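Trainee: the sequence and its predicted three-dimensional model are supplied below.
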Amino acid sequence: MLSQAVSYLTWLRSAQHEFEALVRTVLGVDVADSIDWRRPRMICIAAGFSHHDRVAVQRLPERIDLVRYRVFEGGLLSLLLVDSSPGSPSVASSRPSRGRDAVVGSRLAAPVVPLPTGGGLVPECLRDLYGELDEALTAWGEVEVAALRHYIAYRRLVNVASVIFRPKHQAILVYLRLDPDSVELEEGFTRDMRGIGHLGTGDLEVWA
């Protein structure tokens, strides 16, 4: 997905004149003249994104948005911004903008505030383990990942899992929205949390 988007952007930059001519024909001269080539944005829309996709977005110098779609019964379409990168200010076209007033230029150049991700919560010693856990929790492709103050929530309309890091124990705690009576509990690995206060949501605790 990301490699395809970068390829499209590379092609678009090599065909600026052709693209502007098409816009001029379809939408008019004013719209064509208002195109800002300095910081184009890539928007990737898919049913789901992996942990590696979200890491790559933060490393690439381009402006990128990852948008997850979901289709509900009745033809209702939901779009959710999963991750976003403002890109590097140094990434700009050498071709100057034309005929643009300062107000419009200022608005277009305004920084994009990235959606919070779990990167700041994940201790360095647990990043590899968390990467594997994240892939397992997002395997269905319809899971929203939200980094909160003390934990990372995985949601499918409601929280299905909460991830909390314990670097001193080299472990990750996962609280799942499952009935503890539906699984065979194993000491040191799973625990019934009903009636026990804890961060996150879910009655089944799993040590990873």
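Mentor: Yes, it's here.

Trainee: now the residue nearest in space to the middle of the chain: phi and psi?
Mentor: Nearest to the geometric centre of the chain sits Asp83, at 2.3 Å (Cα atoms, centre = their mean). Backbone torsions for Asp83, taken as degrees, to the nearest 10, come to phi -160, psi 160.

Trainee: beta partners of it?
Mentor: Residues in a beta bridge with Asp83, per DSSP bridges, are Leu66.

Trainee: and Leu77, by the same measure?
Mentor: Leu77 has these beta-bridge partners by DSSP bridges: Val71.

Trainee: just give the number of residues close to Arg156.
Mentor: When counting by other Cβ atoms under 10 Å, one arrives at 13 neighbours for Arg156. Any C-beta I mention is one placed from the backbone N, CA and C, and that applies to glycine too.

Trainee: now swap in Leu176 and tell me
Mentor: 22.

Trainee: again, but for Leu129
Mentor: 16.

Trainee: sorry, back to before: so the residue nearest to the centre of the chain touches Val55, yeah?
Mentor: No. Asp83 is beyond contact range of Val55, at 9.3 Å (criterion: Cβ atoms under 8 Å).

Trainee: how near is Glu73 to Ala46?
Mentor: Distance, Glu73 to Ala46, by Cβ to Cβ, to the nearest Å: 21 Å.

Trainee: no more questions from me, cheers.
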